[in-house]
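Engineer: From the sequence below, what's the structure:
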Amino acid sequence: MCAKKFVPYANESDVLEIGNLSIENRIDRISISGDIDLTLDKPGLALAKQLQKLLGDMVAQLEKQELPDQLPPPEVTSVANPFE
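Structural biologist: Next up, the predicted model:
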């Protein structure tokens, strides 16, 4: 993991990389994209432990909150195409 502390749901700017996964912090969601191979060796174990810690931190943050049944869909706006 990186040296900077990744606090789930704390801001709109932190990005963490574990293997080839990109974990993007938002105040209302965590976005995870990419792929990872958890190989049956010491590096695979190290990556699995990083993921386990991250998921544990996410669950702890979620459990602290009074959560809605479901978030409303994001507001979608249209902007003029600057290339036309």
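Engineer: and Leu21, what is it in contact with?
Structural biologist: 32-36, 51 (C-beta atoms under 8 Å, 6 or more residues apart in numbering). The C-beta positions use only the backbone N, C-alpha and C, and glycine is treated the same way.
Engineer: same question for the helix or strand in which Val59 is found, mean pLDDT?
Structural biologist: Here Val59 is covered by helix 42-64, with elements defined by DSSP states H and E. Mean per-residue pLDDT for helix 42-64: 97.
Engineer: Kindly report the same for stretch 25-36.
Structural biologist: Mean per-residue pLDDT for stretch 25-36: 95.
Engineer: And that stretch, end to end?
Structural biologist: Length of stretch 25-36, first residue to last, C-alpha to C-alpha, to the nearest Å: 19 Å.
Engineer: Now do that stretch: distance to the chain's middle.
Structural biologist: For stretch 25-36, the distance from its own C-alpha centre to the chain's C-alpha centre is 3 Å (C-alpha atoms, centre = their mean, to the nearest Å).
Engineer: follow-up on the earlier one: contacts for the helix holding Val59, please.
Structural biologist: Here helix 42-64 makes contact (C-beta under 8 Å, 6+ apart) with 1, 6-9, 16, 18-19, 21, 23, 30, 36-38.
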